[in-house]
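Colleague: got a predicted structure here, sequence first:
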Amino acid sequence: MPGGRRPAAKAPQAVIPRAERLLPPDLDSVVVDLDGKRVKLSNLQKPFWSALGLSKGDLVRYYLTIAPTVLPHLRDRAMVMRRYPDGAEGASFFMKRAPSSRPDWIETCTVTHASGTSIEYPMIQDLASLLWVVNLGCIDLNQWYGRCDDPNRPDYMHFDLDPGAEASFAQVCETALVLHEALEGLRMSNYVKTTGSRGVHLYVPIARGPTQKDVWRIARAIALEIVAHAGSLATAEYSTAKRPPDRVLIDYNQNASGQTLASVYSVRPSARAAVSMPVTWREIGRGIAIDDFRIDNAAQRIRRRGDLWAPLLARAGRVRLSRFQ
């Protein structure tokens with residue numbers, strides 16, 4: 001530039017042409033090329049769990065590693081983004097609408113709510129869109145229960161078991177076993193995973209047909225029946241002011257329209273960077289802890305045990321709720 005200073009050259013960005021290569025740990029910014037879809041990953045050195053020495057790059061590397069396992073559970077579903085721009089210790093905010101500045105290859109799902117408002121949600125369809133969402137600071141992944149072609153007809157019913165302030169995780173596991181036995185008695189196959197936060201999630205794969213409201217009604221009836229027989233252990237009281245603090249909440253209201261739960265294999269913004277991990281009923285009976293499954297060991301468990309959540313994807317074995325309506 002005549003008569004002035006030449007602008008400082010920008011540091012070149014590395015391009016990783018294949019998904020199999022993990023992100024180099026010494027880069028703060030990188031462009032990943034995945035089948036022609038270029039994803040810019042930025043601020044990779046930013047601390048996301050400072051006490052653990054884990055960065056945003058470590059989070060991205062985790063999802064890159066487990067992508068083949070988690071992607072089938074996310075595809076074709078609207079995604080509610082919860083963004084943590086300053087990591088797990090910082091503030092978070094929900095973002096439903098897909099940002100207008102998104103890449104043109106990000107697929108969206110338009111959902112019209114009861115209020116008449118239509119929202120265009122992003123969908124995680126492939127590795128590129130997964131990394132794009134995580135780069136926005138999404139630690140956990142929260143997808144709709146119904147697929148985009150009919151978001152009001154879910155693929156599963158579930159129960160969120162959440163301990164009160166004076167309840168232990170051992171009580172959560174005991175409640176899960178009681179609910180498991182009841183569901184088995186109703187000939188409802190069911191699967192369990194840790195939330196990565198404080199409790200566990202039980203999922204029942206269902207044949208699509210009933211509306212979200214119908215699924216909610218059935219889940220409510222089951223929860224109330226459990227409480228009627230195990231009232232010293234569990235509660236279905238939704239009001240926190242009335243809820244006994246020494247009980248485990250069987251939260252059936254998470255089946256309501258528009259609600260979401262953290263996806264299987266999601267990292268959670270907990271102190272130990274715990275992961276929402278599928279477990280076996282034998283493990284629940286033997287005793288586990290939330291922090292047994294973390295960002296640093298989850299991938300090894302998946303390689304060793306496979307996808308314990310695979311039955312949630314299968315067409316066979318799904319429960320027909322119509323017989324309970």
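Modeller: Done, it's in.

Colleague: which residue is the nearest non-sequential neighbour of Glu184?
Modeller: The shortest distance from Glu184 to any non-neighbouring residue, by C-beta to C-beta, 6 or more residues apart in numbering, is to Asn190 (7.3 Å). In this view, the C-beta of every residue, glycine as well, is placed from N, C-alpha and C.

Colleague: same check on Pro25?
Modeller: Pro25's closest residue in space is Gly57 (C-beta to C-beta, 6+ apart), at 6.6 Å.

Colleague: by contact count, what packs against the helix or strand hosting that neighbour?
Modeller: Assigned by DSSP states H and E, Gly57 falls within helix 56-74. In this structure, helix 56-74 packs against strand 47-49, helix 127-135, helix 298-305, with contacts taken as 3 or more C-beta pairs under 8 Å, 6 or more residues apart in numbering; DSSP states H and E.

Colleague: how about the contacts made by the residue nearest to Pro25?
Modeller: Under the criterion of C-beta atoms under 8 Å, 6 or more residues apart in numbering, the contact list for Gly57 reads 23, 25, 27, 41, 44-45.

Colleague: now tabulate these in TSV and tack on distance to Asp35 and secondary structure.
Modeller: Converted to TSV, the contacts of Gly57 look like this (distance: C-beta to C-beta, whole Å; DSSP: H, G, I helix; E, B strand; the rest coil):
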residue	distance to Asp35	secondary structure
Leu23	17	coil
Pro25	24	coil
Leu27	21	coil
Leu41	16	strand
Leu44	22	coil
Gln45	27	coil
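
Colleague: what's around the residue nearest to Glu184, how many residues?
Modeller: 23 (other C-beta atoms under 10 Å).

Colleague: from Asp76, how far out is it?
Modeller: Using C-beta to C-beta, to the nearest Å, Asn190 is found at 23 Å from Asp76.

Colleague: same check on Ala128?
Modeller: 16 Å.

Colleague: those two: which has the busier surroundings?
Modeller: Counted by other C-beta under 10 Å, Ala128 and Asp76 do not tie: Ala128 has more neighbours, with 21 against 17.

Colleague: return the alpha-carbon coordinates of the helix holding Gly57 using CSV.
Modeller: Extracted C-alpha coordinates of helix 56-74, given in CSV (Å, rounded to 0.1, in the frame of the first residue of the first chain):
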residue,chain,number,x,y,z
LYS,A,56,-13.6,-26.3,22.9
GLY,A,57,-11.3,-28.3,20.6
ASP,A,58,-11.6,-31.3,22.9
LEU,A,59,-15.4,-31.1,22.7
VAL,A,60,-15.2,-30.9,18.9
ARG,A,61,-12.8,-33.9,18.8
TYR,A,62,-15.1,-35.9,20.9
TYR,A,63,-18.1,-35.4,18.6
LEU,A,64,-15.9,-36.0,15.6
THR,A,65,-14.8,-39.3,17.1
ILE,A,66,-18.3,-40.6,18.0
ALA,A,67,-20.1,-39.1,14.9
PRO,A,68,-20.9,-42.5,13.2
THR,A,69,-22.7,-43.7,16.4
VAL,A,70,-24.6,-40.5,17.3
LEU,A,71,-25.6,-39.2,13.9
PRO,A,72,-28.4,-41.9,13.3
HIS,A,73,-30.0,-40.7,16.5
LEU,A,74,-30.1,-37.1,15.4
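
Colleague: list the buried residues of it.
Modeller: Across helix 56-74, burial judged by 16 or more other C-beta atoms under 10 Å covers 56-67, 69-71, 73-74.

Colleague: and it, what's its mean pLDDT?
Modeller: Computed over helix 56-74, the mean pLDDT rounds to 95.

Colleague: with stretch 135-143 instead?
Modeller: Averaged over stretch 135-143, pLDDT sits at 97.

Colleague: format the helices and strands packed on helix 56-74 as TSV; extra columns: distance to Ala256.
Modeller: Below are the helices and strands packed on helix 56-74 laid out as TSV (distance: least, C-beta to C-beta, whole Å):
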stretch	distance to Ala256
strand 47-49	31
helix 127-135	24
helix 298-305	29
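
Colleague: residues in contact with stretch 288-303?
Modeller: Contacts of stretch 288-303 (C-beta under 8 Å, 6+ apart): 54, 58-59, 62, 65-66, 69, 169, 173, 194-198, 265, 267, 270, 272-277, 279.

Colleague: could I get the buried residue list for it?
Modeller: Across stretch 288-303, burial judged by 16+ other C-beta under 10 Å covers 288, 290, 292-295, 298-299, 301-302.

Colleague: end-to-end on it?
Modeller: Stretch 288-303 has its terminal residues 19 Å apart, counting by C-alpha to C-alpha, to the nearest Å.

Colleague: also stretch 154-171?
Modeller: Taking C-alpha to C-alpha, stretch 154-171 runs 29 Å from one end to the other.

Colleague: going along the chain, name the helices of the stretch 101-250 of the chain.
Modeller: For the stretch 101-250 of the chain, applying DSSP state H, counting those that start in this stretch gives helices covering 127-135, 169-185, 212-229.
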